[in-house]
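Participant: For reference, the sequence and a predicted model appear below.
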Protein chains: 4
Amino acid sequence: MRILFVADVIGSPGRRTLTQLLRLVKKDVNADVVVANGENSAGGFGITPEIVREFRETGVDVITTGNHVWDKKEILPLLKTEPRLLRPHNYPPGNPGRGSVVIEAAGRRLAVLNLQGRTFMSPIDDPFRAVDGLLAELKDEADVFVVEFHAEATSEKQAFARYLDGRVAAVVGTHTHVQTADERILPKGTARITDLGMTGGMDGIIGMKWELSVERQLTLTRGERLQPADGDLTLQGAVVEVDAGTGLARSIERVNVPYERVLQGEFRKK
Amino acid sequence: MRILFVADVIGSPGRRTLTQLLRLVKKDVNADVVVANGENSAGGFGITPEIVREFRETGVDVITTGNHVWDKKEILPLLKTEPRLLRPHNYPPGNPGRGSVVIEAAGRRLAVLNLQGRTFMSPIDDPFRAVDGLLAELKDEADVFVVEFHAEATSEKQAFARYLDGRVAAVVGTHTHVQTADERILPKGTARITDLGMTGGMDGIIGMKWELSVERQLTLTRGERLQPADGDLTLQGAVVEVDAGTGLARSIERVNVPYERVLQGEFRKK
Amino acid sequence: MRILFVADVIGSPGRRTLTQLLRLVKKDVNADVVVANGENSAGGFGITPEIVREFRETGVDVITTGNHVWDKKEILPLLKTEPRLLRPHNYPPGNPGRGSVVIEAAGRRLAVLNLQGRTFMSPIDDPFRAVDGLLAELKDEADVFVVEFHAEATSEKQAFARYLDGRVAAVVGTHTHVQTADERILPKGTARITDLGMTGGMDGIIGMKWELSVERQLTLTRGERLQPADGDLTLQGAVVEVDAGTGLARSIERVNVPYERVLQGEFRKK
Amino acid sequence: MRILFVADVIGSPGRRTLTQLLRLVKKDVNADVVVANGENSAGGFGITPEIVREFRETGVDVITTGNHVWDKKEILPLLKTEPRLLRPHNYPPGNPGRGSVVIEAAGRRLAVLNLQGRTFMSPIDDPFRAVDGLLAELKDEADVFVVEFHAEATSEKQAFARYLDGRVAAVVGTHTHVQTADERILPKGTARITDLGMTGGMDGIIGMKWELSVERQLTLTRGERLQPADGDLTLQGAVVEVDAGTGLARSIERVNVPYERVLQGEFRKK
Ligand SMILES: [Fe+2]
Ligand SMILES: [Fe+2]
Ligand SMILES: [Fe+2]
Ligand SMILES: [Fe+2]
Ligand SMILES: [Fe+2]
Ligand SMILES: [Fe+2]
Ligand SMILES: [Fe+2]
Ligand SMILES: [Fe+2]
């Protein structure tokens, strides 16, 4: 089974990139299933029911999110009713939504888990114990398990992957919007990458227009609302090949597809 | 002029990696000068005078550091007397040491600047205004300027590089110990990479043994002192080619050299 | 000279408290001048031009603020034109407004300074060096200097007061909305209190309705917007008596006046 | 039943203050039982078995702690064996020690609970759900419950007290080392104070010598180790009177006893 993970889709430029490239990329990497992070898809902050529909129609099988999932209030009802729209599992009780889903993929039952870190972030429930509980709960309901860990600190992200080594097929990181070059198979068979990167305008600052972002660094006050960057559109993420027998990873490869290159017919040339 | 930046050297495994590989790598990438970050070279925390000597003998021209430079008290006197040992320039007055040095390299005067970010870190002086001041001060003393920015948040690091675009040859990030795959030449000619990665044992958690690091995530108390990881030794960083005429970048390429691969004679095979 | 400092006025309940009690309290404590913090006066978040007028008409001579001053965009123009409306001085250049003003009070020139801390807050400019600069600048323009320091950490607040001991008449803290019982005259003559408290509904959580505030602690997501508490209205702050000759403090006394008690004619009974 | 809570005892000056004053104060406030926080009793950082003995001999019935309890490794074994030495209950599993104890006091069974907040602190387990669990567990084992909540943010501390209103006799805060003037009985009968203050040298910065503390604010590097302040020794805390029938509070009064005043025979004069 081959799983394509798509990094945080940023605003309408990110959605345009996804719409234009997803089918091509999916075919090119020969993926059976697509997991995409949508927490920044609505203008950079949150996601809406309309966008969830759009993601699904574009070919996204499971939508993961992170801390920004709560930004748009209109998504809250859908979190309760749409099983393929996840929010980090380890937010405390009292919040709507779920952090896992089991779907059919390549004839197997695939569990997608979404958790969030705490270092430099909100002190939600311990993701380590939370993932233990979730895996125990889903033990008999799926054959293959993959985890998206939405977190800031590299230490927490690498520790989380190592903690799960041998128990899940992959631990892929999101939230920093910068792809890391540390993809690897850990000793017991789990694929990991610290961050998938982002999908949208690469000419900005982590997906947002650079001028306002720099100004905010200079003034340390909010100023105008950040806007998604729209130049150098790129789809990023990773593709993981899972051994259906062991449920562990055979390979992990980074995905980084500039739209420009596709237009020029030089798709995926390194 | 070609500059090799070496990512944070972690403990004795990192130093061993540096000693074994630096000359090979320097030759292979055809570098004229080497800048290496030493803030974690003493057992993972700080640097000592002895290690500074070792770095210099190994072929490091300028040693940069970061927040951990203050960990070992015995380095403080050397910060005042050794111009090639830098600490982040924007620590407030009252701290020993300097954040820049000008050296001869490939027949040009090369200024190496070392600054540190503030997001999720100590609230030291604004690195944006600080680098403006430092560049103004050094304007007539160097031909080529490169900056190492030691910071946590991807937004601050990318904003800092963009702020300096067209004014320096390169802005390379350190501190997260995970190499990012976002090296590029910005529109006005500055090379940037959000993080160079690390030099040392890649089988750990950002360079430290994984068992203790995971345990600390679980208990949230200090426990035993973290120890440098020593498996899968690797030298990471980046090499930047500078146009001597414009003082801007022609290219930036990531460096990622596992010691194992060198032993097997497969050096730098991708 | 006797100066009445009024703690953060929270929303319309706080403004009602101020309107009803200020003249009474001012008379009771025999104050010559009133300094009040207005950063939370507009629904708990920010301040508006209309409210600035209201404060002035109620008898507030100088309005101080803090991190929330930027919340309402409509105040930005007034920050440039109204000298008696301050924002923390040590926000970086590029932000509108000023952090000090000199007014006439009891026949002397009184300088009111407003600065902000950094621990657990935004990493704005160093308040220690900033206050040195500001005091040097105002040296010949005022006879008496008082400082409101808007900060979170008790260590930073007490250190700031001690740093200024003997150089200003008073250092009063704001931001935590809980009055501290540590008012004292420091060895060289500066009055200090770590926090003045708040003005508004004391039956809430630091001035906001307790139900939503507790819910936010439980869910760690934003939920509904917090609303100012409106029960047990109280005016808090401190009154400092300054020796006009030395410019230092003779006394500091906490102020804590429940509206209820005033209605019952038991004003300021302990 | 009358319970005397003693605020964080800081270093040897704090211990000296405790030794000299506790019996006097206990008698003066007519307390049946003494709960004292010892997390800073060993040079400002942590506590040792020797000091635990000293506290017990001095008349402390239960020793509470906070984030600094882990500073001295030699205390870890005692955390497992001494039931009257508590550490915050909501540290994650895998840490030694307990966060509650039930003792006999004034003929009743008194449960003392120790929890810790998370805002601006380590992201340990949710204290709200943790205290619910602990109270359920102890329901039939005690008649009166009191809680020490070791936390930084005033919002979290006041919310925690309000959350427990009507369920425990008192929620007293520690950790900021500055006594707050907000002691009160909440609507359903729980006494609360946001912070008890500290016991030790009041001429410092939250109990530590002011010169080094200010210097650290200026340099933002560690410098020399902070030392406990030793001037103006004072014992702070609060005394809560509990109605043995309802298990709720009848009164709460702050305690603030300078040693100097005791020597002059002016004990507890306001
Ligand atoms: Fe994101
Ligand atoms: Fe995020
Ligand atoms: Fe480092
Ligand atoms: Fe670092
Ligand atoms: Fe406020
Ligand atoms: Fe504030
Ligand atoms: Fe403490
Ligand atoms: Fe503490």
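Facilitator: Nice, thanks for sending it over. Ligands and ions are numbered 1, 2, ... in the order given.
Participant: Every contact and neighbour count from this point should use C-alpha atoms.
Facilitator: Will do.
Participant: Could you check how far the residue in the stretch 101-250 of chain A that chain C sits nearest to is from residue A:227?
Facilitator: The nearest approach of the stretch 101-250 of chain A to chain C comes at residue A:219, 5.6 Å away (C-alpha to the nearest C-alpha). Distance of residue A:219 to residue A:227, given as C-alpha to C-alpha, to the nearest Å: 17 Å.
Participant: Compare these two and say which is more crowded by neighbours.
Facilitator: Shown here are residue A:219 and residue A:227; by other C-alpha atoms under 10 Å in any protein chain shown, residue A:227 has more neighbours (20 against 16).
Participant: now the more buried one: how far from chain D?
Facilitator: 29 Å (C-alpha to the nearest C-alpha, to the nearest Å).
Participant: residue contacts, that residue?
Facilitator: Residues counted as contacts of residue A:227 (C-alpha atoms under 8 Å, 6 or more residues apart in numbering or on different chains) are A:43, A:44, A:208, A:209, A:212.
Participant: Get me the contact residues on the stretch 101-250 of chain A for ligand 2.
Facilitator: By C-alpha under 5 Å from the ion, the residues of the stretch 101-250 of chain A that approach ligand 2 are residue A:175.
Participant: Residues of the stretch 101-250 of chain A that sit close to chain C?
Facilitator: A:122, A:123, A:124, A:218, A:219, A:220, A:221, A:222 (C-alpha under 8 Å from any C-alpha of the partner chain).
Participant: Give me the three-state assignment for the third one.
Facilitator: Read it as residue A:124. Three-state assignment for residue A:124 (DSSP: H, G, I helix; E, B strand; the rest coil): coil.
Participant: Residue of chain A nearest ligand 8, please.
Facilitator: Residue of chain A nearest ligand 8, by C-alpha to the ion: residue A:123 (17.8 Å).
Participant: Spatially, and excluding backbone neighbours, which residue is closest to that residue.
Facilitator: In space, and not counting its chain neighbours, residue A:123 is closest to residue D:123: 4.8 Å by C-alpha to C-alpha, 6 or more residues apart in numbering or on different chains.
Participant: next one: residue A:241
Facilitator: Using C-alpha to C-alpha, 6+ apart and skipping residues adjacent in sequence, the residue nearest residue A:241 is residue A:2, 4.4 Å away.
Participant: same check, this time on residue A:91
Facilitator: Spatially, and ignoring its direct neighbours in sequence, residue A:91 is nearest to residue A:124 (5.4 Å; C-alpha to C-alpha, 6+ apart).
Participant: got it, and residue A:19?
Facilitator: Using C-alpha to C-alpha, 6+ apart, the closest residue to residue A:19 is residue A:58 (5.9 Å).
Participant: Where does pLDDT dip in the stretch 1-150 of chain A?
Facilitator: Applying pLDDT under 70 to the stretch 1-150 of chain A flags no residue at all.
Participant: Out of the contacts of residue A:227, which are close to chain D?
Facilitator: Near chain D, taking C-alpha under 8 Å from any C-alpha as the test, no member of the contacts of residue A:227 is found.
Participant: how about TSV for these, with secondary structure added?
Facilitator: As requested, the contacts of residue A:227 are exported to TSV (three-state DSSP):
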residue	secondary structure
A:43	coil
A:44	coil
A:208	strand
A:209	coil
A:212	helix
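Participant: Chain A: strands as residue ranges?
Facilitator: For chain A, the strands defined by DSSP state E occupy A:2-6, A:33-37, A:62-64, A:100-105, A:108-116, A:144-150, A:170-174, A:184-185, A:191-193, A:200-201, A:233-242, A:249-258.
Participant: would you put the C-alpha positions of the first one in CSV?
Facilitator: Taking C-alpha atoms only, strand A:2-6 is exported to CSV below (Å, rounded to 0.1, in the frame of the first residue of the first chain):
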residue,chain,number,x,y,z
ARG,A,2,1.3,3.4,-0.9
ILE,A,3,0.2,6.5,1.0
LEU,A,4,0.6,10.0,-0.2
PHE,A,5,0.7,12.6,2.7
VAL,A,6,0.1,16.2,1.6
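Participant: and the angle from it to strand A:108-116?
Facilitator: Interaxial angle, strand A:2-6 versus strand A:108-116 (axes from the mean of the first three to the mean of the last three C-alpha atoms, to 10 degrees): 30 degrees.
Participant: Which residues of chain A lie near chain B?
Facilitator: With C-alpha under 8 Å from any C-alpha as the criterion, chain A meets chain B at residues A:120, A:128, A:153-156, A:158-160, A:162-163, A:176-182, A:194, A:205-206, A:210, A:213-214, A:217-218.
Participant: Mind listing what's buried along stretch A:137-145?
Facilitator: By neighbour count with 16 or more other C-alpha atoms under 10 Å in any protein chain shown, stretch A:137-145 contains the buried residues A:142, A:143, A:144, A:145.
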